[in-house]
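*Asks:* Here's a sequence, model it:
(chains A and B)
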Amino acid sequence: MEAVQFHPTPIVPSGILLTEGCRGDGGILRDVDGHRFMPDYEPEKKELASRDVVSRRMIEHIRNGKGVPSPYGYHIWLDISILGREHIEKNLRDVQEICMIFNGIDPATEGPKGWAPVLPMQHYSMGGIRTKPTGESQNLSGLFACGEAACWDMHGFNRLGGNSVSETVVAGMIIGNYFADYCLNNDVTIPTKTIQKFVDAQDSYLDEILAYNGSEDIFKIKNRMKELMDEKVGIFRDGVNLAAAVEELKELLQKTKNINVKSKVRAGNPELEEAYRVPRMLKVALCVAKGARERTESRGAHYREDFLKRDDANWLNRTLTSWANPSDLEPTITYEALDIMTMEMPPAFRGYGAKGMIIEHDISEKRQQEVDTLTEKLQAEGKDRHEIQHALMPFDLPMNYKEKNERAGDK
Amino acid sequence: MSTPKGREIIISALKFNPRSAVSKPHFVDYKLEETPGMTLFIALTKIREEYDADLSFDFVCRAGICGSCGMVVNGKPALACRTLIANYPEGKLTLMPMPAFELIKDLSVNTGKWMDAMSKRVESWIHTNAVHDISKLEEKIDPDIADQTFELDRCIECGICVASCGTKLMRPDFVGPVGLNRVARFEVDPHDNRTAEDYYELIGDDDGIFGCMSLLACEDHCPKHLPLQNKIAYLRRQLVALR
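*Replies:* Coordinates of the predicted model:
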């Protein structure tokens, strides 16, 4: 759960996303002097470096004293006016509308008046319910998850912009089919008694919350959690801050039992809803913070200033957090190893970030040689890409999804 | 970087719990200090956290995409998340729940239940018998037609058009601008094989396309600026020609 994506360009202060398309189409980032600074840091990819890189560079530039001051802290400018009014009003209409409604800025206006204030903010969780390739939970039969709720191995520790399509359309199609098959093949009879047991448990939990008679305020607990996550578990992380965050989150979790819900009504009671939800939010926050504290390396969106290298030798694994006992104050963490010898693309440097920042796993190279040898052999035998794929990393799909797709230009 | 003190504003919200035997509809005034860029979402959250934890209202995305936060602001239905306090020079905002929907409590209404019934009523899905082989190339769609479909598909089902609608007040079963827009969306989409006759069966009466009195507050208030006026007129022309 410690892999959290920050998007570079939500608007300040409302935090509403100005789409990737702004930079994709050619929009640029400027600092307090109006200077386009991304080429200084990333001469090749500039504003089009991956989201985690752009987000870090923006914060780094602000730390270097080049942020734009505002009542909400420092920010960076996003300039899309260079794309021209016609393009903005056709292709980036929603961006223009958000800028106008929330900030009174028309981003099609040339010059500083059209620049929108932006700052990286939390956007997406790469972690989620750990699933098998079918989308079914690894340890709870019949629970299927896809999309942001799932950890389906599409993203790893980072996520590319535009992958929401793969996630909604592709994962929806594949997992939807597996789920339908599961329902067809599994008749479930659940005794009313079993259902009643769980309803009763929730019922008495609500009674328990309404009976708390302490002095803490659930809204203040939630806002403190938000602050902690932002300040200590954010874009730049280190062991000292992460440890402090874990300890304080645990205290907050304890405090959720020391509140006093003012209205004792059981329906349409926003404070009760909050009192029910915030302990769960804190448990998720603890999964993120503790996972981040333990992971002493930098990988994808998880960036440790005290451990700058990606450490494939020790950390090529998935973090599994679970709550063995609901009353525990922190999650239990175990790790699921990844088998390099079954990968079609073993981990290596792929031109992402600076060179020399990876502690390589010793069998990566061995597997790469194996892959290369096998690929060359199969190519020499005249095998096509489907056959080569199958030899390197076989996989199953439902329906006829493995048939060779017709492509535009096929004869 | 200190923020200068903002003006004092008053948010006056209708409170009522229809489930309670003793609750009566009444307004409660909350005094707040305005902060730069403050939206109604920010103001209401502050009220709930600091003044009245019992005030019910709905928000999810706070960005004008989820359509949860429609409410009546100084007599006009609007998305609370996109309502800037600075645009109200008088400094007082009176909030009421949207009419036409089941009231849950205070400013919270059940648009979901209504939208679900509307979707079923206009059979809001692609009607086709075509069998697609996913391994084959898709049929091409004219980009202009795709754009037209997408334009109408931008509806976020916030319910503001329904809450604005004069016809809905007179005809409780009126399908609403959102329902007519939905029919227009499938009518333009070549994937859907329904004919004008099929649509006539769904909306060819006074609770459908012929009920609209063309007052057009729907288009005035639609936060997504959907072309409701044109589409309702277009559908009416198509369907009136059938009989």
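*Asks:* Go through the longest helix along chain A and flag the buried ones.
*Replies:* Criterion DSSP state H: the longest helix present in chain A is helix A:270-294. Residues of helix A:270-294 classed as buried by neighbour count (16 or more other CB atoms under 10 Å in any protein chain shown): A:270-272, A:274-276, A:278-279, A:281-294. In this view, the C-beta of every residue, glycine as well, is placed from N, C-alpha and C.
*Asks:* Okay, now the unreliable bits of the chain?
*Replies:* If you meant another chain, say so; for now it's chain A. A:411 (pLDDT under 70).
*Asks:* my bad, the chain I had in mind was chain B
*Replies:* Using pLDDT under 70, chain B drops low at B:1-3.
*Asks:* Against which helices or strands is the longest helix of chain A packed?
*Replies:* Taking 3 or more CB pairs under 8 Å, 6 or more residues apart in numbering or on different chains; DSSP states H and E as contact, the helices and strands that helix A:270-294 lies on are helix A:192-211, helix A:218-232, helix A:239-255, strand A:317-322, strand A:332-337.
*Asks:* Following it in sequence, what is the next regular element?
*Replies:* Per DSSP states H and E, the first helix or strand lying C-terminal to helix A:270-294 is strand A:310-311.
*Asks:* Could you report the distance from the residue nearest to the spatial centre of chain A to chain B?
*Replies:* Nearest to the geometric centre of chain A sits residue A:125, at 2.4 Å (CA atoms, centre = their mean). For residue A:125, the distance to chain B equals 16 Å [CB to the nearest CB, to the nearest Å].
*Asks:* unless I'm mixing things up, that residue is touching residue A:6, no?
*Replies:* No. Residue A:125 is beyond contact range of residue A:6, at 11.1 Å (criterion: CB atoms under 8 Å).
*Asks:* name the element the closest residue to chain B within the stretch 51-200 of chain A belongs to?
*Replies:* Using CB to the nearest CB, the closest approach of the stretch 51-200 of chain A to chain B is made by residue A:71 at 4.3 Å. Assigned by DSSP H and E, residue A:71 falls within no helix or strand.
*Asks:* What parts of the stretch 151-300 of chain A come near chain B?
*Replies:* A:219-220, A:223, A:261-263, A:265, A:267-271, A:274 (CB under 8 Å from any CB of the partner chain).
*Asks:* Number of residues surrounding residue A:258?
*Replies:* Neighbours of residue A:258 under the rule other CB atoms under 10 Å in any protein chain shown: 12.
*Asks:* Dump the helices and strands packed on helix A:270-294 into JSON lines; add distance to residue A:60 and mean neighbour count as well.
*Replies:* Below are the helices and strands packed on helix A:270-294 laid out as JSON lines (distance: least, CB to CB, whole Å; neighbours: other CB atoms under 10 Å in any protein chain shown):
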{"stretch": "helix A:192-211", "distance to residue A:60": "43", "mean neighbour count": "11"}
{"stretch": "helix A:218-232", "distance to residue A:60": "17", "mean neighbour count": "17"}
{"stretch": "helix A:239-255", "distance to residue A:60": "17", "mean neighbour count": "18"}
{"stretch": "strand A:317-322", "distance to residue A:60": "26", "mean neighbour count": "18"}
{"stretch": "strand A:332-337", "distance to residue A:60": "30", "mean neighbour count": "12"}
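*Asks:* I'd like these written out as TSV, with distance to residue A:63 added.
*Replies:* TSV is the format used below for the helices and strands packed on helix A:270-294 (distance: least, CB to CB, whole Å):
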stretch	distance to residue A:63
helix A:192-211	42
helix A:218-232	14
helix A:239-255	15
strand A:317-322	28
strand A:332-337	31
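*Asks:* Which among those is found nearest to residue A:366?
*Replies:* Residue A:366 lies closest, by CB to CB, to one member of these: strand A:332-337, at 16.3 Å.
*Asks:* Could you list every helix and strand in contact with the very next helix or strand once past that closest one?
*Replies:* Remark: after strand A:332-337, the chain's next helix or strand is strand A:358-359, criterion DSSP H and E. Contact here means 3+ CB pairs under 8 Å, 6+ apart; on that basis strand A:358-359 packs against strand A:310-311, helix A:312-315.
*Asks:* If we go by neighbour counts, what in the longest one is buried?
*Replies:* For helix A:312-315, burial by neighbour count (16+ other CB under 10 Å) applies to A:312, A:315.
*Asks:* before we move on, back to that, who's the residue nearest to the centre of chain A bridged to?
*Replies:* residue A:4 (DSSP bridges).
*Asks:* mind checking which of the helices and strands packed on helix A:270-294 is nearest residue B:22?
*Replies:* Of the helices and strands packed on helix A:270-294, the one closest to residue B:22 (CB to CB) turns out to be helix A:192-211, at 18.8 Å.
*Asks:* contact partners of that closest one?
*Replies:* For helix A:192-211, the surrounding residues in contact (CB atoms under 8 Å, 6 or more residues apart in numbering or on different chains) are A:261, A:264, A:266, A:272, A:275, A:276.
*Asks:* next one: stretch B:75-84
*Replies:* Under CB under 8 Å, 6+ apart, the answer for stretch B:75-84 is A:101-102, B:37-41, B:44, B:57, B:59, B:61-64, B:67, B:69-73, B:93-95, B:98, B:158-160, B:163-164, B:221, B:223.
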